[in-house]
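S.K.: Need a 3D model of the sequence below.
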Amino acid sequence: MINIMKKEQILGVSVCLLLSCASALLNDVPEEDEDYTNITDAELPPVKLVHSFCAMRADDGPCKAIIKRFFFNIHTQQCEEFIYGGCEGNQNRFETLEECKQKCTRGRFLETLSSRNLSGY
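M.R.: Model (predicted):
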């Protein structure tokens, strides 16, 4: 996993975005002027979450600490590492991978629409 920090101006405020790349070569780091596309809610997988905070994006918060935490990525349906700033953020933040999996992974709290709609079972 490769984490990339990208500086952006949003409403006149400089913010740093943490982008996670699953299996990329170190030489494939994006250029500064490269555009990033947003994934819309319409592209989300058909998933019903018992804990709605598991659907929140990773939020590093406004502070500047570098703390390893885990969040549930609704697009990959896996718990992934991110860097937390140390304050604020949201509930989709766990100290351990195991805690993230316990709260948000398929075995415990996810039910895909396809498994609910299997006829005859």
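S.K.: Return the residues in contact with the closest residue to Glu99 other than its chain neighbours.
M.R.: Distance criterion CB to CB, 6 or more residues apart in numbering; nearest residue to Glu99, sequence neighbours excluded, is Phe70 at 7.4 Å. From N, CA and C alone the C-beta is placed, and that goes for glycine too. Applying CB atoms under 8 Å, 6 or more residues apart in numbering to Phe70 gives the contacts Cys79, Glu80, Glu81, Phe82, Arg93, Phe94, Glu95, Thr96, Leu97, Glu99, Cys100.
S.K.: Doesn't the third one belong to a strand?
M.R.: Yes. In this structure, Glu81 lies within a strand as judged by DSSP: H, G, I helix; E, B strand; the rest coil.
S.K.: burial count for it?
M.R.: Counted by other CB atoms under 10 Å, the residues lying close to Glu81 total 14.
S.K.: For the helix or strand where Glu99 lies, which residues meet the burial criterion?
M.R.: Using DSSP states H and E, Glu99 sits in helix 97-104. Under the neighbour-count criterion of 16 or more other CB atoms under 10 Å, helix 97-104 has Cys100, Lys101, Lys103, Cys104 buried.
S.K.: Please save the CA atoms from that helix in CSV.
M.R.: This file holds the C-alpha atoms of helix 97-104, laid out as CSV (Å, rounded to 0.1, in the frame of the first residue of the first chain):
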residue,chain,number,x,y,z
LEU,A,97,-7.0,-3.8,12.1
GLU,A,98,-8.8,-6.4,14.2
GLU,A,99,-11.1,-3.7,15.7
CYS,A,100,-12.0,-2.4,12.3
LYS,A,101,-12.8,-5.9,11.0
GLN,A,102,-14.9,-6.6,14.1
LYS,A,103,-17.0,-3.5,13.6
CYS,A,104,-17.3,-3.3,9.8
